[in-house]
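Q: coords please:
(chains A and B)
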Amino acid sequence: MQRDHVFLGLYLAAILAATTIHSPLWLAAGLGLVLLIAGREAFSLLRRAVLTVLAFNALISLSYLGMAWWQDAFGLSPSPWQTLLRLNLRVILLTSLTFLFISRVNLFQALSFSKNLTYVLGLAYSQTLTFRRAHDDFRLALASRSLHRPSLIDRYRASAAAVSWYIEKSLHAATQSSQALRSRGFFHD
Amino acid sequence: MHIPDGFISPQTYLPAYAVAAGLWAYAARRVKRDLDADTLPFLAAGTALSFVLMMVALPLPGGSTAHAAGIGLLAVSFGGWMAFLAVSLVLAMQALLFGDGGITALPINALAMGFIGSFAALVTWKLLGRWHETLALFLAGWFSIVLPALLMALVLGVQPLIAHDAQGAPLFFPFGLAITLPAVVLPHLLVGLAEGVLTVLGYRYLTRLRTRLA
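A: Modelled structure (predicted):
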């Protein structure tokens, strides 16, 4: 069994453990272990994980605090702090685990048990990277060509132009890949 | 629209993985039957297209934005099973390659957005397409957003009921149905309008392009 297959198995087991343990102390210990394994990258890993979940978790946590405060005024709610601590620790632990997994494992190797899956994933991933760069370019192009904040209609036009480019590009990419697969006899090996 | 990691209990995501795995296997068999040098790249291109459409911000009046998903467009253009696989692959890539979304939420997101969204769009298109093409496409896009949002609101809203501690405090997502249903579904009624427009325009553009390339 390959190293990447083992890591994929360990990652999935760790994810399951992180969702079946409910003590904040153990969740914090799990996070500590992940950071320990991350070594020198620990700080950047934790920072990235916190930034990724910040907006959604802040919204949920503040709303829950508000609801608990409202219910507490009528003596209905248990203390919300334990719940919030558990929830946020679990989310940060899971996100850190995923980032650690991504940084240490070659996913294409980990999924190499299926030839078609590896090819589809490889093709889709390479096109996705191109599209991501193009998406940033389109966004920056609109910003750099606008003296003021673009109007609603301008933003609609920019989104429509970008979408039509993506559709056209994906059709061309599919045709190109099809010809490449055909010429290399991919389906006749 | 999709749910991040850490808010779904194992009592939910493990059975959801079982259901999703069955559907993925069936979809892969269905698609593989037609899988050749043409369909395989189309699946990859559809996946990449769906990925980038999820990044496109659709401006809403008032300065806020909504994100398209392209599920309706994929379903009416490439079929339900292909769209289901493409959206599932996007969600898996977002979770495992870019760290966005989550591995525990993956089956719920895939079932809601990929399966329910794709087939809601496809059924709408098949039922109404002959009667009024534009309306059918628009409604296909609208349903592909609103029905998954409804399912997600239900899944999130039942978490406090099925996963709580001895004091009744929630272990995962903390809000019940009374909050999740209006909070998740109502904004998506509006987002669905933008998705409907995208489906109409995207489908027309894609059809024209395919004719030109043929």
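Q: low-confidence stretches in chain B?
A: Within chain B, the stretches with pLDDT under 70 are B:1-2, B:34-43, B:56-67, B:99, B:213-214.
Q: dump the helix or strand harbouring residue A:31 to PDB, keeping only the CA atoms.
A: For residue A:31, the host element (DSSP states H and E) is helix A:24-38. In PDB, the C-alpha atoms belonging to helix A:24-38 read as follows (Å, rounded to 0.1, in the frame of the first residue of the first chain):
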ATOM      1  CA  PRO A  24     -13.500  20.700  24.300                       C
ATOM      2  CA  LEU A  25     -10.300  19.600  26.200                       C
ATOM      3  CA  TRP A  26      -9.800  16.600  23.800                       C
ATOM      4  CA  LEU A  27     -10.600  18.700  20.800                       C
ATOM      5  CA  ALA A  28      -8.000  21.200  21.900                       C
ATOM      6  CA  ALA A  29      -5.500  18.400  22.400                       C
ATOM      7  CA  GLY A  30      -6.300  17.100  18.900                       C
ATOM      8  CA  LEU A  31      -5.700  20.600  17.500                       C
ATOM      9  CA  GLY A  32      -2.400  20.700  19.500                       C
ATOM     10  CA  LEU A  33      -1.300  17.400  17.900                       C
ATOM     11  CA  VAL A  34      -2.100  18.600  14.400                       C
ATOM     12  CA  LEU A  35       0.000  21.700  15.000                       C
ATOM     13  CA  LEU A  36       2.800  19.600  16.400                       C
ATOM     14  CA  ILE A  37       2.800  17.500  13.300                       C
ATOM     15  CA  ALA A  38       2.700  20.600  11.100                       C
END
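Q: return the residues in contact with residue 93.
A: If you meant another chain, say so; for now it's chain A. A:18, A:27, A:30, A:31, A:34, B:6 (Cβ atoms under 8 Å, 6 or more residues apart in numbering or on different chains). C-beta here means a position set from N, CA and C on the backbone, and glycine is covered the same way.
Q: my bad, the chain I had in mind was chain B
A: A:121, A:124, A:125, A:128, B:47, B:51.
Q: hmm, which of these are the buried ones?
A: For those, a burial check counting by 16 or more other Cβ atoms under 10 Å in any protein chain shown picks out A:121, A:124, A:125, A:128, B:47, B:51.
Q: ok, so of those residues, who is nearest residue B:152?
A: Nearest to residue B:152 among the buried ones among the contacts of residue B:93, counting by Cβ to Cβ, is residue B:51 at 19.3 Å.
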